[in-house]
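K.L.:
Below are the sequence and a predicted model for it; my questions follow.
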Amino acid sequence: MSTSAAEHLPPAYPARAPRGTAGRLRAWQQTALDDYLERDPRDYLAVATPGAGKTTFALRVAAELLARKVVHQLTIVAPTEHLKRQWADAAAKVGITVDPAFTGKTGRTSRDYTGVAVTYAGVAAHPMLHRARCENRRTLVILDEVHHAGDSLSWGEATREAFEPAARRLSLTGTPFRSDVNPIPFVTYADAGDGVPRSVADHSYGYAEALRDGVVRPVLFLAYSGQMSWRTRAGDEVSAQLGAPLPKDVTAQAWRTALDPNGDWIPSVLRAADTRLTEVRRHVPDAGGLVIASDQEAARAYAKLLGRISGERATVVVSDEARASKKIAEFAEGDSRWMVAVRMVSEGVDVPRLAVGVYATATQTPLFFAQAVGRFVRVRKRGETASIFLPTVPSLLSYAGEMETSRDHVLGNPKADEDDAVAADEALMAAAQREDPSTDEQGPFEALGSDASFDRVLYDGGEFGSQAQAGSEEEADYLGIPGLLEPDQVAALLRRRQAEQQEAERARTSAPADAAPGGNGEPVYEQVAMLRRELNGLVGAWHHRTGKPHGVIHTELRKTCGGPPAAMATAEEIQQRIDTIRAWALARE
């Protein structure tokens, strides 16, 4: 192998990458690039919300360093095989040749290539091969979605061993970090004053900033509840309202019942999502939808349901299919309506025309939720909106209401309340999903039936709408929101429709606005829903007065008043927060 750097650069590679190499950079990308070039660091961590354009930023850095001969070759580490090819395609567009077929078995590539693309698993299998590449030639290593290097101790150790000699390392992530005891290689940690090390990003660009800049789409979350019935392993028949205050194990079982393709909940939600997609396609003709399923059996069942609902065959993509990446590419380039996927919606999977999603999986970690939402926020032109349908489950509602919240990676903090809650929820859901009768003499869990009701819309930290039957006019009001709207137009339309519905409710019930929950004979859940909408209206008003994000205001109210998140709060707790924010407003006046 030649040691001449020039032999591994494209023949016409300029002394400095021209500003038009990757097209005009977005403001955040240019700011981050200028910061990188000024600081000239060996390690750099860029945290940017999904859809913001981390790939473009990283490839511009690569172009600059290659052109200046700071580095002579490139290694890109991605989470999946699909993303290796996606990186290679993106690099080709800016004149950087990357081999996505490079493997540890051969350890060689053609001199036609300036770099290689590999997976974290591939690095773990052959760390010394990659170390030798870095030792032989000055290498820039791009660690895409670097939090994966902290997923397991072996991956982290292999990544550190392989790329410790690298001349430059650029780490990227677009999803919330979590708490664990495995440090992410090449990430700096600092004590924030509480004795707990937290990751330190060199440049951060969050969802709230990206939405303000028009870099990502606004996201409407449409939550659906309903009555669920199932038989437990002990043979008991249980019925519960999805979204009602329930023990976590009961919530997990109700959630699983909702996702059963033989019930009425998932067909009703898929029908609503297809109606929403039809509305969006009136303004965006090639808009597509994605259903995120828990397993292959459910995915194929959902696809059949969508075929009957939409009259068009849905594309099914599962991770262990040889043609999975090709099917995603074909869907991305076409104009068909629906794709159903299992474990193929990880970070970076780029289908920009996705506009409507159904979260039909039992996975509920904040990391996976953010990855899933990230598939829908990529902007092609201003005014496009994303709509995601999800079950009324407290953890999901909490994540949806905290889109603006960013998280550092926390080391050695296994007792953090939020992470304990997530871990407990995951264990309960896993227990609810076990179907092997041999593990329990009492027999498997059995879903008996379900129905769906429209619950609410979550947008920009606020909640809108009231419970209504699937297929009702009240539901149609929200499914028919135009597919091309600016973020402030979405908020204004939601507020107007909610006000109209509240007025209709008052006229129908003749109840005073300040009636005590349940005091006028109405179901308690309706009174709680009305109080929640009042609270969110006040939070929205406080947001406009202070500029604080909705999620931050809700957090401050919770710290002041105590109690659980708003989605789980009692009527009394919600009323206390209403009184508190009104007191804040009076004090400010």
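P.N.:
Right, received. Where do you want to start? Please read these numbers as outputs of a predicted model, since none were measured by experiment.

K.L.:
Can you check my assumption that residue 169 lies in a strand?
P.N.:
Yes - remark: residue 169 belongs to a strand, assigned using DSSP: H, G, I helix; E, B strand; the rest coil.

K.L.:
got the contact list for it?
P.N.:
42, 43, 44, 140, 141, 143, 163, 186 (CB atoms under 8 Å, 6 or more residues apart in numbering). Just so you know, the C-beta spots here come from the backbone N, C-alpha and C atoms, and that holds for glycine as well.

K.L.:
and it, how far is that from residue 155?
P.N.:
Residue 169 is 15 Å from residue 155, where distance means CB to CB, to the nearest Å.

K.L.:
would you list the contacts of residue 169 in CSV and tack on secondary structure, distance to residue 109 and neighbour count?
P.N.:
Output for the contacts of residue 169, formatted as CSV (DSSP: H, G, I helix; E, B strand; the rest coil; distance: CB to CB, whole Å; neighbours: other CB atoms under 10 Å):
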residue, secondary structure, distance to residue 109, neighbour count
42, coil, 25, 10
43, strand, 25, 16
44, strand, 25, 22
140, strand, 16, 25
141, strand, 15, 27
143, strand, 19, 29
163, helix, 17, 24
186, coil, 24, 21
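
K.L.:
between the residues you listed, which is closest to residue 236?
P.N.:
residue 143 (49.6 Å; CB to CB).

K.L.:
Once you drop chain neighbours, what's closest to that closest one?
P.N.:
In this structure, residue 143 finds its nearest non-sequential neighbour in residue 171, 4.5 Å apart by CB to CB, 6 or more residues apart in numbering.

K.L.:
now the strands: where do they sit in the stretch 351-500 of the chain?
P.N.:
354-360, 386-391, 410-411, 446-450, 453-459, 462-464, 468-469 (DSSP state E, counting those that start in this stretch).

K.L.:
Count the neighbours of the residue nearest to residue 143 for me.
P.N.:
If you count neighbours by other CB atoms under 10 Å, residue 171 ends up with 26.

K.L.:
Over to residue 124?
P.N.:
Quick note: residue 124 (other CB under 10 Å) scores 19 neighbours.

K.L.:
what's the helix or strand harbouring it packed up against?
P.N.:
In this structure, residue 124 is located in helix 120-125 according to DSSP states H and E. Using 3 or more CB pairs under 8 Å, 6 or more residues apart in numbering; DSSP states H and E, the elements in contact with helix 120-125 are strand 73-78, helix 153-163.

K.L.:
Please work out which residues outside that helix touch it.
P.N.:
Outside helix 120-125, the residues that reach it (CB under 8 Å, 6+ apart) are 77-79, 103-104, 130, 148-149, 151, 154-155, 158-159, 162.

K.L.:
Mind putting those into JSON lines with distance to residue 206?
P.N.:
Listed next are the contacts of helix 120-125 as JSON lines, based on distance: CB to CB, whole Å:
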{"residue": "77", "distance to residue 206": "24"}
{"residue": "78", "distance to residue 206": "23"}
{"residue": "79", "distance to residue 206": "21"}
{"residue": "103", "distance to residue 206": "36"}
{"residue": "104", "distance to residue 206": "36"}
{"residue": "130", "distance to residue 206": "32"}
{"residue": "148", "distance to residue 206": "20"}
{"residue": "149", "distance to residue 206": "22"}
{"residue": "151", "distance to residue 206": "23"}
{"residue": "154", "distance to residue 206": "31"}
{"residue": "155", "distance to residue 206": "26"}
{"residue": "158", "distance to residue 206": "30"}
{"residue": "159", "distance to residue 206": "26"}
{"residue": "162", "distance to residue 206": "30"}
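
K.L.:
Tell me which of the contacts of residue 169 has the lowest pLDDT.
P.N.:
Across the contacts of residue 169, the smallest pLDDT goes to residue 186, namely 92.

K.L.:
contacting residues for it?
P.N.:
43, 45, 143, 146, 160, 163, 169, 171.

K.L.:
how far is stretch 71-89 from where the chain is centred?
P.N.:
Using CA atoms, centre = their mean, to the nearest Å, the mean C-alpha position of stretch 71-89 is found 22 Å from that of the whole chain.

K.L.:
which parts of that stretch are buried?
P.N.:
For stretch 71-89, the neighbour count (16 or more other CB atoms under 10 Å) marks 71-88 as buried.

K.L.:
By pLDDT, give me the weakest of the contacts of helix 120-125.
P.N.:
Within the contacts of helix 120-125, residue 151 has the lowest pLDDT, namely 65.

K.L.:
thinking again about what came up before, can you tell me which of the strands of the stretch 351-500 of the chain is nearest to residue 570?
P.N.:
So among the strands of the stretch 351-500 of the chain, strand 462-464 is nearest, using CB to CB, at 16.1 Å.

K.L.:
which secondary structure elements does that closest one contact?
P.N.:
Using 3+ CB pairs under 8 Å, 6+ apart: strand 462-464 touches strand 453-459, helix 487-509, helix 524-546.

K.L.:
what's that strand in contact with?
P.N.:
Defining contact as CB under 8 Å, 6+ apart, one finds that strand 462-464 is touched by 401, 456-458, 478, 491, 494-495, 497-498, 532-533, 536-537, 539-540, 550, 566.

K.L.:
ok, the contacts of helix 120-125 vs residue 306, which is closest?
P.N.:
residue 79 (27.5 Å).
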